[in-house]
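Peer 1: from the sequence below, what's the structure:
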Amino acid sequence: MTPEERAEFAAEIAAAIRIRSTDTGLSEEEQRWVKLAIQAEVQRIEFRKKVIEKTLTSLIWSGVVALGYMILGWATNHGYKP
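Peer 2: Below is the predicted model:
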């Protein structure tokens with residue numbers, strides 16, 4: 001790379017940085033909307049986690065109850081009288 005190309009490259013980089021540094025950020029209303037959207041997404045994720053947790057817990061308990069009925073059925077068929 002020649003010195004002229006290097007200087008031109010540096011000038012292009014500096015121009016790109018200046019353009020980027022003058023970009024405006026989000027307005028207050030946009031920032032508030034983004035925060036609310038993030039909060040809503042966090043709530044949805046927490047809700048999904050809780051639903052999954054409750055579903056798995058219910059499946060485990062229904063398995064325990066079914067196993068109990070199976071044992072009771074086996075016991076009554078083999079001479080146990082409740």
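Peer 1: what average pLDDT does stretch 57-67 get?
Peer 2: For stretch 57-67, mean pLDDT is 97.
Peer 1: how about the CA coordinates for it, as CSV?
Peer 2: Taking only C-alpha atoms (Å, rounded to 0.1, in the frame of the first residue of the first chain), the coordinates of stretch 57-67 have been written out as CSV:
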residue,chain,number,x,y,z
THR,A,57,-45.1,-31.0,38.0
SER,A,58,-48.6,-32.1,37.1
LEU,A,59,-47.3,-34.9,34.9
ILE,A,60,-45.1,-36.2,37.7
TRP,A,61,-48.0,-36.1,40.2
SER,A,62,-50.4,-37.8,37.8
GLY,A,63,-47.7,-40.5,37.3
VAL,A,64,-47.4,-40.9,41.1
VAL,A,65,-51.2,-41.2,41.5
ALA,A,66,-51.4,-43.7,38.6
LEU,A,67,-48.7,-45.8,40.1
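Peer 1: next, residue 39: phi, psi?
Peer 2: phi -60, psi -40 (degrees, to the nearest 10).
Peer 1: measure it to residue 48 for me?
Peer 2: Using C-beta to C-beta, to the nearest Å, residue 39 is found at 15 Å from residue 48. For every residue, glycine as well, the C-beta is placed using N, CA and C.
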